[in-house]
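**Q** For reference, the sequence and a predicted model appear below.
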2 protein chains.
Amino acid sequence: MTAFAITAADVHDAAAVLHGVAVRTPLLEYAPLNAAVGRRVLVKFEGAQHTGSFKFRGAYNRLARIASADRAAGVVAWSSGNHAQGVAAAAKRLGMPATIVMPSDAPTIKAANTRALGADIVFYDRATESREDIARNLCAAHGAILVPSYDDPFVMAGQGTIGLEILEQALALDARLGQLLVCCGGGGLAAGIATAVRDANAGAAIAIHAVEPLAYDDTARSLVSGRRETVPAGARSICDALMAPAPGMLTFPINHALLAGGLTVTDDQVRDAMRYAFAVMKLVIEPGGAVALAAALNGLAPAGDGDLALVISGSNVDPAAYAAILVG
Amino acid sequence: MTAFAITAADVHDAAAVLHGVAVRTPLLEYAPLNAAVGRRVLVKFEGAQHTGSFKFRGAYNRLARIASADRAAGVVAWSSGNHAQGVAAAAKRLGMPATIVMPSDAPTIKAANTRALGADIVFYDRATESREDIARNLCAAHGAILVPSYDDPFVMAGQGTIGLEILEQALALDARLGQLLVCCGGGGLAAGIATAVRDANAGAAIAIHAVEPLAYDDTARSLVSGRRETVPAGARSICDALMAPAPGMLTFPINHALLAGGLTVTDDQVRDAMRYAFAVMKLVIEPGGAVALAAALNGLAPAGDGDLALVISGSNVDPAAYAAILVG
C-alpha cells in the first residue's frame, strides 16, 4: 500500500495556519449557470484570494513552516506566474526574501505583480534553459529553500483548504454535493482538495474530476493508464497556468487513488467560459482558471446525483489578452 | 416633521420577501485595496445579484406585493437597463408579463438580457420622446402597473436589504464600520440602505455618503441646498445607470435626513476604478457600479474612525465597451 504524501490531518493543520491570513473566498451561485448546466452549481472563486489565485494558500503554508533561523536565506521558486505571486506574497508577509525563476514569455501582469510584491525575478528561455537548474543553483549559492509549486506536502495541504471551505460553505447553502471539478496542472490543488473532501463524512459520495487543457491532458491519461504519462515537448495552450508536462511524483498517487477521472477542454471552450464568466457571473477569470467552468458549461461533468461544485482557480490575465478574448 | 416613505420595518419586510429569492451577495475584502485606501475596506458585490445589479431586489419586492388578480395585466417600467432587467427577472419568477420602455442608446447587453428574460421592449428616443408618456399609455391600454425605478416605497425597501446584509456580514468579519459609500442615481439604493443602517444600533456611528458622476451631481448639490436640484439637459457621463436628472420625490427627504453628504467622481476616475477592479479585485464592474470604488480609491471618503464599506452596484457592460476601457 502506498503511503500518501499528505493526509486530511495535514489539510486541517494548514487551515489552522492559514486562518486569518488567507482569504476565505466566496462560494457563489448563479441562476443562469444552474439552468445552463442543468443542475445546481456552486462556484469557489479563488480570484478573490491574495494575489488572484489559490497559490497563496500552499505557498504560505510551506513558508510558515520554515524555522526562524532559516528564514533570512529566503526561498526560491519557479513558476509561470501564479505560484510566483503566491510565494512572493507569503514571503513578504513572513519577512523573507524570495527569488522567482520565470519563463521570459510569462504574462506581463504576473511578472509585474511578482516584482511589486518585493520578489527578485530571474527570467529563463523555455526552449534553451532549465528552470530546475537555475533554481537549484540559486538555492546552492544563497542557502535558500526551494518551494515546489505542487510536489510538496505543505503546498498540497495548503491548496486542500479550499476543499474544507467548499464543504462548509455548501452545507451553509443547503447544497448536497455530488460532483466536484478542479483544474489540474501538476495536480497539487486536486490532490489537496481530494484528500480533504474524501476524508469528510460526505466525501465518499462526491465524485472529483481533474480538468485539463486538451493539449496538457497528462493527468487524464495517467489516471487511465495508472502511471505518470507525459505531454510531448512543444505542446501549446492558452492556459499558461496549467502547462505542467506530467503529473507530480507526490500528487499523482493521491489523485490516482481518490479522483473519479480526468476531463479535458479545448482552448476555444476556455475562451467561451471566460466570456460567459464576464457576461453572466461578472467575474474575471484567466484561461487556466476557467477550465472547470468550461467543462461544466460543455456538459462534461458525468451524470450523477447531487449538486456540482467547481473551482475558479485564478484570475491573473493581461488586460490586452482579456480584451482580445472578449471581443474575439 | 416629514413622514418618510419607508421605515426600517419596511426593509425588514422586504428582507423576508427576498429571503431565498435574491442572492445574498458576498462582502469581499482585498489587502491591496485596504493598503490603497489606507483603511479596511469591505466591498458589497451586487454584480453577483440576479441580472447583475442590485435592481432585482427592489423590483421583486414591488412585484411580489401585487395581488394575484392583478398579475395577469402585467407591469411596465422605464429604464436604461438595470431596472429593466430586474423587473423582467422578477416578473418571470412571478409569472407576470412585463413591458420595458428603454432608450434606443441603452447598452446592447442590457436590452438583450431584458429580452432574454421574456420582457417586451419598447424603444424611445431620449431627445424627442417622453418615456413617462409612453409608459403611462402602455399602462392605460393594458391595465398594467407602473414600477418606478426608485420613487416607490417597496422598491426603496428592497434595495435597503443590501444595508442589512452589509451590517450582518461586517459583523461576521469582525469589522467596525464607520463609513459607507453608495452610488446614487435617483437615490433609491441610498435611501433604502440609509434607512436600514441608521436604524440599527451601530447606525448612528456610520456616516453614509452618496456617490455620483460629476456631470450628474444633483443629489450632492441637493443635499447642500436642501431642495431637489436638477441636472441640465444634455449632460453626459459614461455612467449610463446613474443619469437621473434629479433626486426622487420620495427618496430625497430620506437622503437629506440620513446621509452625511454627497461625493462626485469624474468619468476618468470611474474608468480607473474599473481597471483596478479588473486587475486587483478580479471583478467586472459597469461604469455606474464603480463610482463608490472610484471615490474610495481617490481618497474622497471623509476622514473618520472605523472601517469603510462600499457597494459595487452593477456589472452590466458591453464586452466591446469594457475591452476599450481595459486597453485605453
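**A** Here it is on my side, so go on.
**Q** In contact with A:Gly58, which residues are there?
**A** Contacts for A:Gly58 (Cβ atoms under 8 Å, 6 or more residues apart in numbering or on different chains) come out as A:83, A:86, A:150, A:152, A:154-159, A:188, A:192. Quick note: C-beta positions are derived from backbone N, CA and C, even for glycine.
**Q** and it, what element?
**A** Element membership for A:Gly58, per DSSP states H and E: helix A:55-63.
**Q** Show me what the mean pLDDT comes to for that helix.
**A** Model confidence over helix A:55-63, given as mean pLDDT, is 98.
**Q** Same check on stretch A:10-26?
**A** The average pLDDT within stretch A:10-26 is 98.
**Q** Please save the CA atoms from that stretch in PDB.
**A** Presented in PDB, the C-alpha positions along stretch A:10-26 are these (Å, rounded to 0.1, in the frame of the first residue of the first chain):
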ATOM      1  CA  ASP A  10      -2.300  17.900   7.200                       C
ATOM      2  CA  VAL A  11      -5.000  19.900   5.400                       C
ATOM      3  CA  HIS A  12      -6.700  20.700   8.800                       C
ATOM      4  CA  ASP A  13      -3.200  21.800  10.100                       C
ATOM      5  CA  ALA A  14      -2.900  24.000   7.000                       C
ATOM      6  CA  ALA A  15      -6.300  25.500   7.600                       C
ATOM      7  CA  ALA A  16      -5.200  26.500  11.100                       C
ATOM      8  CA  VAL A  17      -2.000  28.100   9.800                       C
ATOM      9  CA  LEU A  18      -4.000  30.000   7.100                       C
ATOM     10  CA  HIS A  19      -6.800  31.100   9.400                       C
ATOM     11  CA  GLY A  20      -7.000  34.900   9.400                       C
ATOM     12  CA  VAL A  21      -4.200  35.000   6.800                       C
ATOM     13  CA  ALA A  22      -5.700  33.600   3.600                       C
ATOM     14  CA  VAL A  23      -9.000  34.900   2.200                       C
ATOM     15  CA  ARG A  24     -12.000  32.700   2.800                       C
ATOM     16  CA  THR A  25     -13.100  33.100  -0.700                       C
ATOM     17  CA  PRO A  26     -16.900  33.100  -1.600                       C
END
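**Q** Enumerate the positions of that stretch that are buried.
**A** A:10-11, A:13-15, A:17-18, A:22-26 (16 or more other Cβ atoms under 10 Å in any protein chain shown).
**Q** Can you pick out the most distant pair from those?
**A** A:Asp10 and A:Pro26 (24.9 Å; Cβ to Cβ).
**Q** Now do the helices in chain A.
**A** In order along the chain, chain A carries the following helices (DSSP state H): A:8-18, A:31-37, A:55-63, A:68-71, A:82-94, A:108-116, A:131-142, A:153-172, A:188-199, A:218-225, A:251-258, A:267-276, A:291-297, A:319-326.
**Q** For the fourth one, which outside residues touch it?
**A** Yep, that's helix A:68-71 we're talking about. So helix A:68-71 is contacted by A:94-96, A:145 (Cβ under 8 Å, 6+ apart).
**Q** Highest neighbour count among those?
**A** Each of the contacts of helix A:68-71 was scored for neighbours by other Cβ atoms under 10 Å in any protein chain shown, and A:Met96 scores highest at 21 neighbours.
**Q** Now do the phi/psi pair for that residue.
**A** phi -110, psi 150 (degrees, to the nearest 10).
**Q** residues in contact with it?
**A** By Cβ under 8 Å, 6+ apart, A:Met96 lies in contact with A:63, A:66, A:71-72, A:74-75.
**Q** Quick check, pLDDT for it.
**A** For A:Met96, the predicted pLDDT is 97.
**Q** if we can go back for a sec, of the contacts of A:Met96, closest to chain B?
**A** Checking these against chain B by Cβ to the nearest Cβ gives A:Leu63 as the nearest, at 16.5 Å.
**Q** Does that closest one touch A:Lys92 like I think?
**A** No. At 10.0 Å, A:Leu63 does not count as touching A:Lys92 under the criterion of Cβ atoms under 8 Å.
**Q** which one of those two has more residues nearby?
**A** Legend: neighbour count by other Cβ under 10 Å for A:Leu63 and A:Lys92, higher for A:Leu63 (26 against 15).
**Q** What's the local residue count around the closest residue to A:Arg236 other than its chain neighbours?
**A** Among residues not flanking A:Arg236 along the chain, A:Ala215 sits closest, at 6.0 Å (Cβ to Cβ, 6 or more residues apart in numbering or on different chains). By the criterion of other Cβ under 10 Å, A:Ala215 has 19 neighbours.
**Q** In contact with A:Ala215, which residues?
**A** A:Ala215 makes contacts with A:231, A:235-237, A:267, as judged by Cβ under 8 Å, 6+ apart.
**Q** For these, which single residue is the most surrounded?
**A** A:Ser237 (21 neighbours).
**Q** Could I get the contacting residues of it?
**A** Counting by Cβ under 8 Å, 6+ apart, A:Ser237 has contacts A:213-216, A:243, A:267, A:287.
**Q** One more: A:Gly186?
**A** A:Gly186 neighbours (Cβ under 8 Å, 6+ apart): A:149-151, A:244, A:247-248, A:251.
**Q** Kindly recompute the last result at 6 Å.
**A** By Cβ atoms under 6 Å, 6 or more residues apart in numbering or on different chains, the contact set of A:Gly186 is A:150, A:244, A:248.
**Q** Please apply the same query to A:Val155.
**A** A:Val155 touches A:58, A:62, A:188, counting by Cβ under 6 Å, 6+ apart.
**Q** what's around the last one, how many residues?
**A** When you say that, I think you mean A:Gly188. The number of residues packed near A:Gly188 is 31, by other Cβ under 10 Å.
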